[in-house]
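> structure for the following, please:
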Amino acid sequence: MLLDIHTHHLSEDPSNAVLNCEIKNQPIPNNAFYISVSIHPWQLTYDNSQLQLEWLLTTLTDKRVIAIGEVGLDKLCTTPFDLQNNIFCNIIDIASQYNLPLIIHAVKTTNELIMLKKQIQPKNAWIIHGFRGKKELAKSLIEQGFYLSFGERYNPQSLQSTPVDRLLFETDESTININYLYEQAAILRGVTINQLKRTTQETMNKIFFNC
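The predicted structure follows:
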C-alpha cells in the first residue's frame, strides 16, 4: 500500500513511499519502488537549469516514476524568481505531456500558483507538499482544485478541515514513521487509522495510478 507521497529517505518497505530524486542524488537506488523526479528551486542556477531539465526528461523513462516533484516556487530563497518561474512553467508542460502529478514546493507563492492553475486548467493533479498553512489558506487552495499533503508539522485545523479526497501524507526530510502520521491524523479527524489509510489510498490510486 502506498502511504507516503514524498520522502527523501528510503523506508523499510520501499513500496509504501515515493522517493524524491534530484540530479545530485545519482544514482537512483535500485530498491526504490516508486520515484518522483525533482528540480528544486533552491538548486537552480542559470548555468545548471538546462542540464537539470535534460536530466529530468531522461529520468522520466524510468518506469518507477509516478510523479514530478518536488518542484515549484519560493520567494524566500536566493534563486532569481524569473528563473524559478521559467523552469516551473517548463515542468508544468512536461507533467501535462506525461500526465504525471506535480508535487509542489510553495513558499509565499500561493497567488502565483492559483493564477497559473486558472490559466492552464491542468488535468493532472497539483499537490502542495508539506502544507503548514492556516485553515483559510487550505480552503482557498482546495477550492482551486489543489491537493494538500501533510507532514510531521502542520496546522491541526487545516488537517481536520481538508476533505478526505484532497488529503495526502508524507514524511519529506523527516525520519518519522509514516504510520505515526496516520495515527495522529486519524485521532484528529475522529476516524480509525484503517479508515484513513483506505480513503487516502483511494485518492492516491486516482492521482498516481489513474484508477
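> what is the burial count for Gly69?
Neighbour count for Gly69, taken as other CB atoms under 10 Å: 26. No exception for glycine: its C-beta is placed from N, CA and C like everyone else's.
> which SS class is it?
Under DSSP: H, G, I helix; E, B strand; the rest coil, the three-state class of Gly69 is strand.
> which stretch of helix or strand covers the nearest residue to it once chain neighbours are set aside?
Using CB to CB, 6 or more residues apart in numbering and skipping residues adjacent in sequence, the residue nearest Gly69 is Ile103, 2.7 Å away. If you go by DSSP states H and E, Ile103 is part of strand 102-107.
> against Pro122, how distant is the residue nearest to Gly69?
Distance, Ile103 to Pro122, by CB to CB, to the nearest Å: 14 Å.
> same question, Gln52
Distance, Gln52 to Pro122, by CB to CB: 21 Å.
> and the two? Which one has more around it.
Gln52 (21 against 17).
> average pLDDT for the helix or strand that one falls within?
Secondary structure from DSSP H and E places Gln52 in helix 49-59. Average pLDDT, helix 49-59: 96.
> where's the most centrally placed residue in the chain relative to Gln144, distance?
Compute the mean C-alpha point of the chain, and by CA atoms, centre = their mean the closest residue is Ile103, 2.5 Å away. With distances taken as CB to CB, Ile103 is found 17 Å from Gln144.
> for Ser140, phi and psi?
phi -60, psi -40 (degrees, to the nearest 10).
> from Tyr154, how far off is it?
Separation of Ser140 from Tyr154 (CB to CB): 16 Å.
> who does Ile104 bridge with?
Under DSSP bridges, the beta-bridge partners of Ile104 are Val71, Ile128.
> ok, Val65 next?
Ile35.
> what's the pLDDT at it?
Per-residue pLDDT puts Val65 at 98.
> what's the answer for Asn210, then?
89.
> for it, grab the count of nearby residues.
Asn210 - counted by other CB under 10 Å - has 7 other residues nearby.
> separation between the nearest residue to it once chain neighbours are set aside and Gln201?
Distances taken as CB to CB, 6+ apart put Asn99 closest to Asn210, at 7.7 Å, once the chain neighbours are dropped. Separation of Asn99 from Gln201 (CB to CB) stands at 20 Å.
> could you do Gln97 as well?
From Gln97 across to Gln201, the span is 27 Å (CB to CB).
> how about Ser174?
Relative to Gln201, Ser174 is positioned 21 Å away (CB to CB).
> who has more neighbours out of those two?
Shown here are Ser174 and Gln201; by other CB under 10 Å, Ser174 has more neighbours (17 against 13).
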